[in-house]
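*Asks:* One predicted model, sequence on top.
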Amino acid sequence: MILCCGLSELSAQAKKDVATMRIATSVECQMCQKRIEDYFKREPGVEYVNVNYHNKIVTVRYMPSQIAPSYILTDIANLGYDADTVKANPEFYAKLPDCCKKGGMAKLKEEQKQKLKH
């Protein structure tokens, strides 16, 4: 019984050690969403990530004792996206597909519109 209670206390303590960040970012499309969400699935200390490319917000639930907020921002920047005040790593931004670059989806939609006119 004592062991069981001890585990419950640890579980309750672990749940208290969770913080949430809402990060303004430069994501454009579902490919961006997948890239970021897949990356953070493997990141120790991250419990949940949701990328909303419509409003360009990444929500991350994480354990501050295992990962620092600055590290999360740097991870996103190193994937090629702006993350709040941390600018995208230019080397990785250059490697993003055109649709994932800033304004990329708008440019692609405009190109498709022009093709339909001709």
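*Replies:* Looks like it arrived, so ask away.

*Asks:* Next SSE downstream of the lowest-mean-pLDDT helix or strand in the chain?
*Replies:* Here the helix or strand of the chain ranked lowest by mean pLDDT, DSSP states H and E is helix 2-16, holding a mean of 43. Going down the chain from helix 2-16, the next helix or strand is strand 19-24, by DSSP states H and E.

*Asks:* Any regions of this structure where pLDDT drops low?
*Replies:* 1-16, 104-118 (pLDDT under 70).

*Asks:* Do you have the strands of it handy? List them.
*Replies:* Assigned by DSSP state E, the strands in the chain fall at 19-24, 46-52, 57-62.

*Asks:* out of these, nearest to S70?
*Replies:* The minimum distance between S70 and these falls on strand 19-24, with 10.6 Å, by C-beta to C-beta. The C-beta positions use only the backbone N, C-alpha and C, and glycine is treated the same way.
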